[in-house]
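> Okay, predicted coordinates and the sequence, questions at the end:
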Amino acid sequence: MNHLTQPPHAGDAERRLDRRQLFRLGGLTVTTAALVAACGGTESPGIGRVGVAPTTTDLPDGSVDDVVLLRTAASIQHTMIDLYGELRSAAPSSASALIDLLIADHTADAEALNSAVAELGGEPFECGNPRLEELTVPAILGAINGDGAVAPSDDPARDALNTMFAMETYIAESHQAFVPMLSAPALRQAAITIGGEAARHAAVLALEITGRPDGYLEIEAPAEPPQIPTAYALSSLYGQLGGQTLVVGAQDEVGQRQNIALASPSFNTFVYEFTDGTC
């Protein structure tokens with residue numbers, strides 16, 4: 001009788017039984033733990049994470065009120081002051097006096113708007129509009145002056161005047177849109193007054209761009225719109241709010257120029273009370 005055929009000892013049976021009981025006990029423990037985890041009463045309202053959860057910071061209040069609208073309007077005025085100063089060298093010499101007038105008007109408007117901000121208990125904003133300064137202005141100046149990847153404009157004087165025309169139209173549209181958003185009649189009157197001034201600026205710039213005809217001209221519309229939109233002193237019967245596209249710069253390898261959208265007003269251009277300026 002060898003060790004394979006001999007009957008097992010009682011001690012071996014006990015050891016095997018103990019081992020089976022151990023496996024059962026281990027399975028029962030795992031199952032019980034899973035049930036406790038699934039049915040337990042402890043709940044976490046947070047999102048499940050792996051590792052150490054970082055601290056969170058509540059977003060500041062981004063409500064739009066009179067102070068925010070006036071700070072936004074003041075910031076746009078400051079952007080125009082700086083931008084027109086940059087465009088002066090590219091603009092034709094015949095527009096020098098007009099640029100001086102535009103800068104003086106925008107300076108006065110910025111001061112008046114910030115005065116109203118202070119009267120309402122807000123913090124005046126003395127810098128350019130952060131959104132315009134970050135995206136729009138660099139795109140315009142890069143298309144006109146060239147930025148390494150983009151060739152300089154084939155007609156800087158044309159682009160400088162068209163830029164100022166588009167920006168004055170942008171200001172007129174923005175202030176017209178602010179009128180129903182402002183709560184006080186005096187603030188609404190101030191907004192539409194500044195908007196009307198910008199519309200007159202745009203009309204003068206349109207005449208500088210296209211010339212001064214002797215009277216009304218009957219011009220047949222082209223079959224295809226021009227690549228660079230025509231500047232009109234009176235572009236429509238009523239003020240528009242739909243925004244516009246500024247086309248500047250030299251043509252690229254496929255004949256296209258830089259297209260810059262000017263939407264007014266845009267919520268990402270609003271200067272909230274927590275917005276910091278860099279100037």
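Received it, and whenever you're ready, just let me know what you need.

> How about Gln244: which residues does it bridge to?
Each beta-bridge partner of Gln244 is listed here, defined by DSSP bridges: Leu262.

> Hmm, it is touching Thr169, no?
Yes: when contacts are counted by C-beta atoms under 8 Å, Gln244 is listed as touching Thr169 (6.2 Å). Where C-beta positions appear, they are placed from N, C-alpha and C, glycine not excepted.

> shared neighbours, these two?
In the contact map built from C-beta atoms under 8 Å, 6 or more residues apart in numbering, the residues linked to both Gln244 and Thr169 are Leu262.

> So which of those two has more stuff around it?
In this view Gln244 and Thr169 are compared by other C-beta atoms under 10 Å, and Thr169 has more residues nearby, 27 against 18.

> which is the next helix or strand following the lowest-mean-pLDDT helix or strand in the chain?
Averaged element by element with mean pLDDT, DSSP states H and E, the chain has its least confident helix or strand at helix 10-39 (a mean of 52). Along the chain past helix 10-39, the next helix or strand (assigned with DSSP states H and E) turns out to be helix 66-87.

> got the CA coordinates for that following helix in PDB?
Output for helix 66-87, consisting of C-alpha atoms alone and laid out as PDB, is shown next (Å, rounded to 0.1, in the frame of the first residue of the first chain):
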ATOM      1  CA  ASP A  66     -25.200  99.400 -14.500                       C
ATOM      2  CA  VAL A  67     -21.700  99.500 -13.100                       C
ATOM      3  CA  VAL A  68     -20.600  96.600 -15.300                       C
ATOM      4  CA  LEU A  69     -22.100  98.100 -18.400                       C
ATOM      5  CA  LEU A  70     -20.400 101.500 -17.800                       C
ATOM      6  CA  ARG A  71     -17.100  99.900 -17.000                       C
ATOM      7  CA  THR A  72     -17.300  98.000 -20.200                       C
ATOM      8  CA  ALA A  73     -18.100 101.100 -22.200                       C
ATOM      9  CA  ALA A  74     -15.200 103.000 -20.600                       C
ATOM     10  CA  SER A  75     -12.800 100.100 -21.400                       C
ATOM     11  CA  ILE A  76     -13.800 100.200 -25.100                       C
ATOM     12  CA  GLN A  77     -13.100 103.900 -25.200                       C
ATOM     13  CA  HIS A  78      -9.600 103.300 -23.800                       C
ATOM     14  CA  THR A  79      -9.000 100.600 -26.300                       C
ATOM     15  CA  MET A  80      -9.900 103.000 -29.100                       C
ATOM     16  CA  ILE A  81      -7.500 105.700 -27.700                       C
ATOM     17  CA  ASP A  82      -4.600 103.200 -27.800                       C
ATOM     18  CA  LEU A  83      -5.500 101.600 -31.100                       C
ATOM     19  CA  TYR A  84      -5.900 104.800 -33.000                       C
ATOM     20  CA  GLY A  85      -2.500 106.000 -31.700                       C
ATOM     21  CA  GLU A  86      -1.000 102.800 -33.200                       C
ATOM     22  CA  LEU A  87      -2.800 103.300 -36.500                       C
END
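
> model confidence over it, on average?
Across helix 66-87, pLDDT averages out at 98.

> Who are the packing partners of the helix or strand that that helix is followed by?
Moving toward the C-terminus from helix 66-87, the first helix or strand encountered (DSSP H and E) is helix 96-119. Using 3 or more C-beta pairs under 8 Å, 6 or more residues apart in numbering; DSSP states H and E as the contact criterion, the neighbours of helix 96-119 among helices and strands are helix 66-87, helix 156-178, helix 185-210.

> could you check the angle helix 185-210 makes with the second one?
The reference is to helix 156-178. With axes from the mean of the first three to the mean of the last three C-alpha atoms, to 10 degrees as the criterion, the two stretches helix 156-178 and helix 185-210 enclose an angle of 160 degrees.

> by contact count, what packs against helix 156-178?
Short answer (3+ C-beta pairs under 8 Å, 6+ apart): helix 156-178 packs on helix 66-87, helix 96-119, helix 137-145, helix 185-210, strand 244-248, strand 258-262.

> immediately after the second one, which helix or strand?
Counting by DSSP H and E, the next helix or strand C-terminal to helix 96-119 is helix 130-131.

> Other residues contacting that next one?
The set of residues external to helix 130-131 that reach it, using C-beta under 8 Å, 6+ apart, is Ser75, Ser266, Asn268, Thr269, Val271, Thr275, Gly277, Thr278.

> By neighbour count, which of the residues you listed wins?
Across the contacts of helix 130-131, the neighbour count under other C-beta under 10 Å reaches its highest value at Ser75, namely 28 neighbours.
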